[in-house]
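> this is a predicted model, with the sequence first.
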Amino acid sequence: MKERTVWGIHMGVEVGSAPIDEGFVAIGWADMGDIRQLPPDRDTIKAKLSETFPNAKPGAIPGWAGILYRFVHELKAGDHLIYPSKADRMINIGVATDTRTHREEARYPNQLSVQWRGHVPRDHFSQAALNECGSALTFFRIKNHANEFLSAINIQQQPSAVEDDSAEDDDTVVTEASNKALEVTADFIIKRLKSNMDGYEFEHFVAHLLECMEYHTRVTQASGDGGVDVIAHRDELGFEPPIIKVQCKQVTDKIGDPVINQLLGTLGEGEFGLVVSLGSYTTQAKATERNKPKLRLIDGEQLVNLVLENYNELAPKYRAMIPLKQIYVTDL
């Protein structure tokens, strides 16, 4: 059984779907220029970092040097890459090629081409695996749960002990703890909404959440609803526009235009369409939203934010199903 090196990488939400559509992963470090020219010597890389970032905390330099060294000199063609994309809450799994490029105009200029093998919703994985790929480091070795990620694309390997000499300064450690707390909470809420109720109960939950936001709602019949699961309105009787027709999708994968168009086909004068999902939306669906002023798409991350904002107003049965308590985390 062949042992495979598995890396995790983070890119900001601003990259959108480009890494998936164009087949690459990337790190920034624009001020460092073309990092392909960095020599395989950590001390030289540290010196270059200190020169480029004279105001950086000394403790940060070794960690940054480790990231650059691993990305340029340790990451090899055939290694596997785990990229948790924030825009759609998917875990993307691919294989690195030997093609590295430097695109000076790009937000993340230092790029490596990838052949993507799978795009898996986060709820497919254990929370421990999600915690590991939620590292605050930009680029890091997946050590403890590599097999769990690879098994999602039907690859098995024997686990191996790997030493990691990454150095993290105090701010990085604290930020990582805060980010993990937020990610764990979001994963917990979405998993509870997916596994602790059926589709019709999820529609009632969405209706109740809208009521917490001061809408009046009614849930349609379980069948023959023409794609409309909930109807929401501001006035008590529901005669005055705007009327909001809501479609609820209790799924964690991507939703495309067919679902969106079904809802749009039900809208009349003074009516608006809202799709609420635990997952995300395709590029085409997002483009449809931009071009349709009467359409609004709420994905899993936005739904979590609405739950948190209105948590104290939720009915006791929903707070019991999603037990949370308020804590304070650092805002670095």
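Structure's in. What do you need? Residues are numbered from 1 along each chain as shown.
> how about the strands in this protein?
6-9, 24-27, 80-85, 90-102, 110-121, 139-141, 216-219, 230-233, 243-249, 254-255, 271-277, 280-281, 295-298 (DSSP state E).
> now mean pLDDT, distance to Glu183 and mean neighbour count too, for those, in CSV please.
All C-beta spots, glycine's among them, are computed from the backbone N, C-alpha and C. Output for those, formatted as CSV (pLDDT from 0 to 100; distance: least, C-beta to C-beta, whole Å; neighbours: other C-beta atoms under 10 Å):
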stretch, mean pLDDT, distance to Glu183, mean neighbour count
strand 6-9, 95, 13, 24
strand 24-27, 94, 20, 24
strand 80-85, 94, 9, 22
strand 90-102, 93, 12, 18
strand 110-121, 94, 14, 18
strand 139-141, 92, 15, 21
strand 216-219, 94, 30, 16
strand 230-233, 94, 28, 21
strand 243-249, 95, 22, 22
strand 254-255, 92, 20, 19
strand 271-277, 96, 19, 21
strand 280-281, 92, 15, 24
strand 295-298, 96, 19, 18
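> of those strands, which is nearest Met197?
Closest approach to Met197 among the strands of the chain (C-beta to C-beta): strand 243-249, 10.9 Å.
> rebuild the strands of the chain as TSV, extending it with distance to Leu314.
Listed next are the strands of the chain as TSV, based on distance: least, C-beta to C-beta, whole Å:
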stretch	distance to Leu314
strand 6-9	34
strand 24-27	39
strand 80-85	28
strand 90-102	27
strand 110-121	24
strand 139-141	37
strand 216-219	14
strand 230-233	16
strand 243-249	16
strand 254-255	25
strand 271-277	15
strand 280-281	24
strand 295-298	17
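> between those strands, which gets nearest to Thr185?
Using C-beta to C-beta, these put strand 80-85 closest to Thr185, at 15.6 Å.
> contact partners of the closest one?
4-11, 17, 19-20, 25, 90-96, 114, 122, 130, 133-134, 142, 146, 149-150, 155 (C-beta atoms under 8 Å, 6 or more residues apart in numbering).
> try 6 Å this time
With contact meaning C-beta atoms under 6 Å, 6 or more residues apart in numbering, strand 80-85 is reached by 4, 6-9, 25, 91-96, 114, 133, 142, 149.
> out of the strands of the chain, which is closest to Ile35?
strand 110-121 (5.0 Å).
> give me the angle between that closest one and strand 90-102.
Computed by axes from the mean of the first three to the mean of the last three C-alpha atoms, to 10 degrees, the angle separating strand 110-121 from strand 90-102 equals 170 degrees.
> what lines up beside strand 110-121 in the sheet?
Under the criterion DSSP bridges, strand 110-121 sits next to strand 24-27 (antiparallel), strand 90-102 (antiparallel) in its sheet.
> sketch out the low-pLDDT regions of this structure for me.
1-3, 156-180, 222-226, 328-332 (pLDDT under 70).
> give me that answer again for 80
1-4, 58, 87, 135-137, 155-183, 222-226, 238, 327-332 (pLDDT under 80).
> what's the domain layout of it?
When the chain is parsed with automatic domain parsing, its domains come out as 6-168, 194-321.
> can you tell me which of the strands of the chain is nearest to His204?
For the strands of the chain, proximity to His204 was assessed by C-beta to C-beta; strand 216-219 is nearest, at 5.7 Å.
> what helices or strands is the closest one leaning on?
Using 3 or more C-beta pairs under 6 Å, 6 or more residues apart in numbering; DSSP states H and E, the elements in contact with strand 216-219 are helix 199-212, strand 230-233.
> what sits up against that strand?
With C-beta under 6 Å, 6+ apart, strand 216-219 has contacts from Glu203, His204, Ala207, Leu210, Glu211, Val230, Ile231, Ala232, His233, Glu236.
> touching, the first one and Cys248? I think so.
I take that to be Glu203. Yes. Assessed by C-beta atoms under 6 Å, Glu203 is found in contact with Cys248 at 4.6 Å.
> now the common contact residues for these two.
When contacts are counted by C-beta under 6 Å, 6+ apart, Glu203 and Cys248 are jointly contacted by Asp229.
> how about the strands of the chain, which one is nearest Tyr69?
Among these, strand 139-141 sits nearest to Tyr69 (C-beta to C-beta), with 9.9 Å.
> so what strands line up beside that closest one?
strand 6-9 (antiparallel).
> run through who's touching the partner strand.
Residues outside strand 6-9 that contact it (C-beta under 6 Å, 6+ apart) are Val25, His80, Leu81, Ile82, Tyr83, Cys133, Phe139, Phe140, Ile142, Ala146.
> wait, which of the residues you listed is closest to Asp253?
Tyr83 (16.6 Å).
> how much space is there between the closest one and Gly28?
15 Å (C-beta to C-beta, to the nearest Å).
> need the contacts of strand 6-9 in JSON lines (columns: distance to Ile189).
Converted to JSON lines, the contacts of strand 6-9 look like this (distance: C-beta to C-beta, whole Å):
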{"residue": "Val25", "distance to Ile189": "28"}
{"residue": "His80", "distance to Ile189": "29"}
{"residue": "Leu81", "distance to Ile189": "27"}
{"residue": "Ile82", "distance to Ile189": "23"}
{"residue": "Tyr83", "distance to Ile189": "23"}
{"residue": "Cys133", "distance to Ile189": "19"}
{"residue": "Phe139", "distance to Ile189": "28"}
{"residue": "Phe140", "distance to Ile189": "26"}
{"residue": "Ile142", "distance to Ile189": "25"}
{"residue": "Ala146", "distance to Ile189": "27"}
